[in-house]
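A.B. asks: Build me a model from this:
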Amino acid sequence: MRQSLPEDEVIARIEAALYSAGRPLAVDELVRASGTNSKEKTLRIVAELMRKTKATFKAIEIVQLEDGSYVFQLKPAYAPLIRRFAQHPLVPAAALKTLTYIAYEQPVTSKRLVQIRGSQVYQHVKELEQMQFVEHESLGRLKVYRTTKKFQEYFGITDLGSMKSKLVAETNKENPPHTEQAAAGLEKS
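C.D. replies: The predicted structure follows:
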């Protein structure tokens, strides 16, 4: 039988998971991180951490998202201030657009990527493969790209199908339908 961990160790493990994840964590992930098998105990500790964080910190918080996951984050009111201090993003904006296209269309050929994103896509794909967010399979001279498990874990994606639905909804909200010519011009940005 496994010996139970001291309460302070369980709290430290949950803190460490929330702090280091850089993404929302599902309750099951927090339970695993805690070293316990108790969802109730984990949720009790998370609630206490939320209370302590709110009482102690002014710019950071632990919040529960609509999907039931928890995230340690900067309060939205401080985002404009911190932008000038934040370092360069992990994925440059142009490469992020390519990553989004690969995630949505996967599997997608290198030929199609060049048609949609232009010749700079080769550099984007190189960067994304170095970060282990995409991988390819060679079919003769053609490469077929898809996202990796690391991509899903990093961005907190558990279901690619629901991710595609959310991408479509966000895209439609941000970019109302317009002519194909205008769309083709914007896609290569």
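
A.B. asks: how about the helices in this structure?
C.D. replies: Chain-ordered helices for the chain, with DSSP state H as the definition, fall at 7-21, 27-34, 39-56, 79-82, 93-105, 110-117, 121-130, 149-155, 160-174, 180-187.

A.B. asks: Go through the ones you listed and find the least confident stretch.
C.D. replies: If the helices of the chain are sorted by mean pLDDT, helix 180-187 sits at the bottom with a mean of 44.

A.B. asks: So what's the residue count around E135?
C.D. replies: Close neighbours of E135, defined as other CB atoms under 10 Å, add up to 16. Using the backbone N, CA and C atoms, a C-beta is placed for each residue, glycine as well.

A.B. asks: Distance check, the residue lying closest to it once chain neighbours are set aside against A103.
C.D. replies: Sequence neighbours aside, T148 is the residue nearest to E135 in space, at 5.3 Å (criterion: CB to CB, 6 or more residues apart in numbering). For T148, the distance to A103 equals 10 Å [CB to CB, to the nearest Å].

A.B. asks: who's more crowded, the two?
C.D. replies: The neighbour comparison of T148 against A103 (other CB under 10 Å) goes to A103, with 22 against 15.

A.B. asks: Quick one: residues contacting the residue nearest the centre of the chain.
C.D. replies: Taking CA atoms, centre = their mean, the centroid of the chain lies closest to F155, which sits 1.7 Å from it. Contacts for F155 (CB atoms under 8 Å, 6 or more residues apart in numbering) come out as R23.

A.B. asks: What of A33?
C.D. replies: 13-14, 16-17, 25.

A.B. asks: Recalculate using a threshold of 6 Å.
C.D. replies: Residues near A33 by CB atoms under 6 Å, 6 or more residues apart in numbering: 13, 17.

A.B. asks: For it, give its distance to L74.
C.D. replies: Taken as CB to CB, the span from A33 to L74 is 21 Å.

A.B. asks: what's the neighbour count on A95?
C.D. replies: Neighbours around A95, by other CB under 10 Å: 22.

A.B. asks: for the one 10 residues further on, same thing?
C.D. replies: For E105, the number of neighbouring residues by other CB under 10 Å comes to 15.

A.B. asks: Chain neighbours aside, what residue packs nearest to it?
C.D. replies: For E105, ignoring the flanking residues on the chain, the nearest one in space by CB to CB, 6+ apart is R112 at 7.3 Å.

A.B. asks: Show the model's pLDDT score for T148.
C.D. replies: For T148, pLDDT reads 91.

A.B. asks: residues near V27, how many?
C.D. replies: Neighbours of V27 under the rule other CB under 10 Å: 15.

A.B. asks: Done for today, thanks.
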